[in-house]
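**Student:** structure, please.
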Amino acid sequence: MTAQEARTHVRYSGWASRRLLDAALKLPPEQAQKDLGSSHKGVLDTLNHIHMADRAWLYRVLGEAMEPPAEALEIEWPKIQQRWEQWADALSDEDMTRAIAYKDLRGNFHVSPIWQIILHLVNHATLHRGQVMAMIRQLGAAPPSTDLIYYYREQKIS
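**Tutor:** Got it, this is the predicted structure:
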């Protein structure tokens, strides 16, 4: 993975998550907060799960202690995404194999190269965005397109 590919995929994940969050915020609150029996209950809880994972991984790659969110999801998440993009903008191709040491949520120590962390970040979000899309359909609404190819086309990436 090149640094440019990392930047593209970090931005894609933010783009797709934002589209889905915007769609979720258009749902009636009782639907957005309804427990639909998914792995993270409902639409907003699942989006919040993605956000919290994005936060955790950002603080890991920055080597900082994670701060709790101070504002609503729709305010905090774009701030985290902006920090991801700023961080990714500074990456070089050589950085992609640089190892990051961190502890998981259970306190276990791990070391992973940056390229694996970025691919995991995007893959994790994609998995849960798919769940949210299914929940939005289950609630009778139409979710936005979040497929990677749509992002490439919209951004005119060739």
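**Student:** only C-alpha atoms for contact and neighbour calcs from this point on.
**Tutor:** Noted.
**Student:** for the top helix by length along the chain, buried residues please.
**Tutor:** Longest helix in the chain by number of residues, with DSSP state H as the criterion: helix 114-138. Neighbour counts over helix 114-138 (16 or more other CA atoms under 10 Å) mark 114-115, 117-118, 121-122, 125-126, 128-129, 131-136 as buried.
**Student:** could you do stretch 75-88 as well?
**Tutor:** By neighbour count on 16+ other CA under 10 Å, the buried set for stretch 75-88 is Trp77, Pro78, Ile80, Gln81, Arg83, Trp84, Glu85, Ala88.
**Student:** same question for stretch 139-158.
**Tutor:** Pro143, Thr146, Tyr151.
**Student:** of those, closest to Ser38?
**Tutor:** The closest of those to Ser38 turns out to be Pro143 (CA to CA; 16.8 Å).
**Student:** residues contacting the residue nearest to the spatial centre of the chain?
**Tutor:** Against the mean C-alpha coordinate of the chain, by CA atoms, centre = their mean, the closest residue is Ala125 at 4.6 Å. Listed by CA atoms under 8 Å, 6 or more residues apart in numbering, the contact set of Ala125 reads Ser13, Ser17, Ile50.
**Student:** please consider this matter closed, and thank you.
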